[in-house]
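Peer 1: I need the structure of the sequence given here:
(one chain, ligands or ions: 1)
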Amino acid sequence: EKTSVTLLGLGAMGSALARTWLAAGHAVTVWNRTPARSAALAAEGAEVADSAAAAVAANSLVVVCLLDDASVDEALAGADLAGRDLVNLTTSTPAQARARAQSARELGARYLDGGIMAVPPMIGVPEAGGFIFYSGARELFERHRETLGVPAGATYVGDDAGFAALHDVALLSAMYGMFAGIAHAFALIRKEDIDPASLAPLLTGWLVAMAPSAHQTADQLRSGDYTKGVVSNLAMQVAGTPTFLSTAEQQGVSPELLSPYFKLMRRRLAEGSAEEDLTGVIDLLLR
Ligand code: NDP
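Peer 2: I've put the predicted structure just below:
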């Protein structure tokens, strides 16, 4: 017998989640603030509850996927959470997740927080590589591991309820750094007779080749030795920065995305060692 699921929130993400559970043979009870959105899911076999409280009462596993933390407050206001397994997939900060875990405990519920590393079209498509970080009550994760694994791979990152959100934001922050680099690279060629479509595969290949440097960074952070395994040392890299800035200038491109990182590299060189990797920049970011 497959676990029945209650799902609060039928936005783009909630609807995608509901569909994968229905398709996998789970009974699903849904609620959405705007009832019209439930109709499509009802046609696909979902039970529609007419209030969030009724949806929560319907099943012990309650998944929430709403816009933000405030909307979770609003939706759960009248619901009796006692004895429920509450899984909150709404994007939140680590502090919001910890506060939610605390209040769930006080209301007699077990709590898991989630961070979705996927866009809706990746939900229910394992080969798309999306996954969901979970943190909080481990026994809840173990009990529902199979159900939680239906929409996307489920990765448990610790019993601190804030850790899923923290991992989510860490990965997305790295992604924005990558987006910034890609923007600068395209800007550099924009005024030339170079087809952006010819740069794109070169860029992605290079970024994929460089990404595993994260393992070396981790290794250096663990050992505390930032010179461990260094291939391109900090002094050499800092010496190269004028080339990047002059090229930007020659191409009529603002250095505003690149400069802050170079500034940190120079500061670390002044305060640290020439033989280090770029890992020391991390220490400068910690306040
Ligand atoms: P949508 O904007 O499509 O849907 C938002 C949902 O929240 C709707 O069901 C909406 O109800 C509901 N809602 C908003 N405010 C309230 C409120 N005050 N009370 C009750 N319900 C409310 O967002 P998504 O479905 O895309 O996103 C849901 C969560 O998933 C977010 O936290 C998002 O960060 C996260 N996520 C989304 C991704 C994406 O690519 N879409 C990727 C990764 C995470 P109504 O229909 O009545 O407006």
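Peer 1: In terms of helices and strands, where is Ser135?
Peer 2: strand 131-136 (DSSP states H and E).
Peer 1: could you give me the average pLDDT of stretch 23-33?
Peer 2: Average pLDDT, stretch 23-33: 98.
Peer 1: Would you mind writing the CA trace of it as PDB?
Peer 2: Provided in PDB are the C-alpha atoms of stretch 23-33 (Å, rounded to 0.1, in the frame of the first residue of the first chain):
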ATOM      1  CA  ALA A  23       1.300   8.800 -11.500                       C
ATOM      2  CA  ALA A  24       3.200   6.600  -9.100                       C
ATOM      3  CA  GLY A  25      -0.100   5.300  -7.600                       C
ATOM      4  CA  HIS A  26      -0.200   7.400  -4.400                       C
ATOM      5  CA  ALA A  27      -3.600   8.700  -3.200                       C
ATOM      6  CA  VAL A  28      -3.100  12.500  -3.100                       C
ATOM      7  CA  THR A  29      -5.300  15.100  -1.300                       C
ATOM      8  CA  VAL A  30      -4.600  18.600  -2.500                       C
ATOM      9  CA  TRP A  31      -5.500  22.100  -1.300                       C
ATOM     10  CA  ASN A  32      -4.800  25.400  -3.000                       C
ATOM     11  CA  ARG A  33      -5.800  28.900  -1.900                       C
END
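Peer 1: I figured Ser135 was touching Val157, is that so?
Peer 2: Yes - with contacts counted by CB atoms under 8 Å, Ser135 reaches Val157, the gap being 5.1 Å. Quick note: C-beta positions are derived from backbone N, CA and C, even for glycine.
Peer 1: Which residues are in contact with each of these two?
Peer 2: Contact criterion CB atoms under 8 Å, 6 or more residues apart in numbering; residues bridging Ser135 and Val157 by contacting each: Phe163, Ala164, His167.
Peer 1: do you know how far the last one is from the ligand?
Peer 2: The one in question is His167. As judged by CB to the nearest ligand atom, to the nearest Å, His167 and the ligand stand 13 Å apart.
Peer 1: what's the nearest residue to that residue if we skip its chain neighbours?
Peer 2: Excluding the flanking residues, the one nearest His167 by CB to CB, 6 or more residues apart in numbering is Phe133, at 4.7 Å.
Peer 1: Quick check: beta-bridge partners of the one you found?
Peer 2: Per DSSP bridges, the residues bridged to Phe133 are Gly115, Thr155.
Peer 1: In contact with Leu140, which residues?
Peer 2: Asp85, Val87, Arg110, Tyr111, Leu112.
Peer 1: wait, what's in contact with the second one?
Peer 2: Okay, so that is Val87. For Val87, the contact set (CB under 8 Å, 6+ apart) comprises Leu61, Val62, Val63, Val64, Tyr111, Leu112, Asp113, Gly114, Tyr134, Leu140, His144, Leu148.
Peer 1: who wins for most neighbours among the residues you listed?
Peer 2: Counting neighbours by other CB atoms under 10 Å, Asp113 comes out on top of these with 31 neighbours.
Peer 1: Now it. Its backbone dihedrals?
Peer 2: Asp113 adopts backbone torsions of phi -100, psi 150, taken as degrees, to the nearest 10.
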